[in-house]
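# Coordinates for the following, if possible.
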Amino acid sequence: MYEERFYRSITKPDDLRCYEVRFKETDLLCCTRTDLKSFIEDRLFFYRHQLEEYIRKRTAFGDSLVPIDGDPFAPAIVKEMIEGSARVGVGPMATVAGAIAEFLGRDISSLTGEYIVENGGDICLKTDRERAVLIYAKDSPFSRKIALKLRGRDKPYGVCTSSGTVGHSLSLGRADAVCIVADSALFADGLATCIGNIVKQKDDIPMAIEKGKVFPGVIGILIVVGDGLGIWGDLEIIRV
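Okay, here's the model as predicted:
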């Protein structure tokens, strides 16, 4: 089922060329210095085909909510999803949105100095300047009122969000938003799911942050539950 991405109208950067790329359930917003839509469409089809074929041959990859054994013969995106999800104790598909965003980012990195690939709220971006990432947390008083300010740097960010109150993705918790900023979008997606699963109420926020901050490559964590807000790491929060 298609879900209108209403937030995209207020998050597109003016200095990049932005366009949507859709194939089956995957719905991307891509922002690059030049129009790379056709190239991204081809690469998205390639990764979707690899994932669908692997799920057809190994149903546990698509169904499991816990880590599965590695496969040395699997495609690269599958291998990294299995490895990344195992680090945090979730099923491989908990990393799929971040994985597609990250692999597409790698593919276009030689074609555009800056890029944003957003896949249903999970983002891989490379930027030379400051960028603000809006936080959407449904009915929380913080929703669309705060943003993360990311500094320019020479390697990509992964910014991924899990929610028990927004969207169709499975979460066992009740957080309005668990946002992970990390060096990898694939890993950030899996960790956001892991942390999101254990946040049932705002009193869980400190415990959840302690669980998430121990992993290498995690830059920061932001958790919103109603009027509760928890922040850890090298994050700058701005009012919108």
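# all contacts plus neighbour counts: C-alpha atoms, from now on.
Noted.
# Wait, a helix at Lys211?
Yes. Assessed with DSSP: H, G, I helix; E, B strand; the rest coil, Lys211 lies in a helix.
# Give me the distance between it and Gly230.
Lys211 sits 13 Å away from Gly230, going by CA to CA, to the nearest Å.
# same question, Ile219
Taking CA to CA, one finds Ile219 at 14 Å from Gly230.
# Kindly confirm my reading that Thr193 is in a strand.
No. If the criterion is three-state DSSP, then Thr193 is helix and not within a strand.
# so it sits right up against Cys160, yeah?
No. At 9.2 Å, Thr193 does not count as touching Cys160 under the criterion of CA atoms under 8 Å.
# What lies in contact with the host helix or strand of Val181?
Using DSSP states H and E, Val181 sits within strand 177-182. Strand 177-182 is contacted from outside by 135-137, 157-164, 188-189, 191-192, 195-196, 217-225, using CA atoms under 8 Å, 6 or more residues apart in numbering.
# Pull out the buried residues from it.
The neighbour-count check on strand 177-182 (16 or more other CA atoms under 10 Å) flags Ala177, Val178, Cys179, Ile180, Val181, Ala182 as buried.
# Not counting its neighbours along the chain, what's nearest the second one?
To tie it back to what came earlier, the one meant is Val178. Ile223 (4.5 Å; CA to CA, 6 or more residues apart in numbering).
# Low-confidence regions, this protein specifically.
1-11, 166-171 (pLDDT under 70).
# make it 80
Within the chain, the stretches with pLDDT under 80 are 1-12, 164-173.
# Now do the strands in it.
For the chain, applying DSSP state E gives strands covering 17-23, 26-32, 115-119, 122-126, 131-134, 146-150, 157-162, 177-182, 218-225, 228-233, 236-239.
# Adjacent strands (with direction) for the fourth one?
Strands adjacent to strand 122-126 in the sheet, as given by DSSP bridges, are strand 115-119 (antiparallel), strand 157-162 (antiparallel).
# any chance of the strands of the chain in TSV, plus distance to Asp69?
Formatted as TSV, the strands of the chain follow (distance: least, CA to CA, whole Å):
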stretch	distance to Asp69
strand 17-23	29
strand 26-32	26
strand 115-119	26
strand 122-126	25
strand 131-134	35
strand 146-150	35
strand 157-162	24
strand 177-182	24
strand 218-225	24
strand 228-233	32
strand 236-239	38
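# Phe46: how many residues sit nearby?
11 (other CA atoms under 10 Å).
# Relative to Asp139, how far out is it?
37 Å.
# likewise Gly228?
For Gly228, the distance to Asp139 - CA to CA - is 12 Å.
# just Val224 next, same as before
The value you get for Val224 to Asp139, if CA to CA is used, is 10 Å.
# With Ala182 instead?
26 Å.
# quick one on the thing from earlier: looking at Val224 and Asp139, which is more packed in?
The residue with more neighbours, out of Val224 and Asp139, is Val224; 28 against 14, by other CA under 10 Å.
# so how far is the first residue of stretch 151-162 from its last?
23 Å.
# list the buried ones in that stretch?
Pro156, Tyr157, Gly158, Val159, Cys160, Thr161, Ser162.
# One more: stretch 99-111?
For stretch 99-111, by 16+ other CA under 10 Å, it's Ala99, Ile100, Ala101, Glu102, Phe103, Leu104, Gly105, Ile108, Ser109.
# List the contacts of the closest residue to the last one other than its chain neighbours.
Excluding its sequence neighbours, the residue lying closest to Ser109 (CA to CA, 6+ apart) is Tyr115, at 7.7 Å. The contact partners of Tyr115, taken as CA under 8 Å, 6+ apart, are Leu16, Cys30, Cys31, Thr32, Arg33, Gly105, Ser109, Leu125, Lys126, Thr127.
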